[in-house]
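I'll drop the sequence and a predicted model, then ask my questions.
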Amino acid sequence: LGVGVLGAGPLVDRLPRRPLFVAASLVAGTALLSVDRSMDLARAGLHLAAIGVGLGVYETLLNTIVGELHGARSAKPLTLVHSGATIGAIGGPALAASLAALADWSWSFRALGVGHLVIAFAAFAVPFPGPAAGHHATRPGVLPPGALLALLPFALAHSRRKRRADRR
């Protein structure tokens with residue numbers, strides 16, 4: 001998921017968004033749909049990686065679009081978008097257990113895979129705004145204004161952790 005989120009930022013800013021969303025949904029959906037109970041650990045790891053990348057890309061895409069559409073008032077719409085994950089975390093285990101009782105544990109993954117494929121095709125009926133103006137002209141390696149300030153908390157946390165490690 002983290003790789004998808006981090007890798008998606010530059011893509012979301014520069015590429016057409018509908019094909020990016022469809023591709024991310026297809027990657028996640030195909031990986032979910034092809035889970036089976038005879039998988040070995042290596043194959044399960046590959047599936048988890050593909051699912052995570054797909055979800056990370058479309059999560060970043062949705063967050064970006066909501067932020068651009070609603071600007072400073074995006075907190076409520078983003079809360080609504082993210083509440084879907086909470087609802088899934090609450091109801092998902094019960095649904096997975098129900099599907100496992102009917103067949104085996106892998107069917108819950110397949111059902112999610114079908115859902116992601118439906119979402120991928122439904123994306124053709126939804127308008128996707130293009131990247132915000134100015135992102136196309138961004139030069140690689142140049143941080144936008146305010147980026148250093150945004151990175152300051154991470155730098156402080158890293159330096160604090162390094163000092164603790166040096167003391168040991």
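All right, it came through fine.

Centre-most residue in this structure?
The residue lying closest to the centre of the chain (CA atoms, centre = their mean) is G56, at 1.9 Å.

And what about that one, helix, strand or coil?
Assigned by DSSP: H, G, I helix; E, B strand; the rest coil, the conformation of G56 is helix.

Check it and give its pLDDT.
In this model, G56 is scored at 92, pLDDT.

List the residues that contact it.
L1, G2, V3, G4, V5, L6, G7, A8 (CB atoms under 8 Å, 6 or more residues apart in numbering). The way it works is simple: take the backbone N, C-alpha and C, and place the C-beta from them, glycine included.

Now do A96 against W107, distance only.
A96 sits 9 Å away from W107, going by CB to CB, to the nearest Å.

now V126
In this view, V126 and W107 are 28 Å apart by CB to CB.

More neighbours: these two, which one.
Neighbour comparison, V126 and W107: the larger count goes to W107, with 18 against 9 (by other CB atoms under 10 Å).

check contacts around that one.
Counting by CB under 8 Å, 6+ apart, W107 touches L99, A100.

in which helix or strand would I find it?
In this structure, W107 sits in helix 106-122 according to DSSP states H and E.
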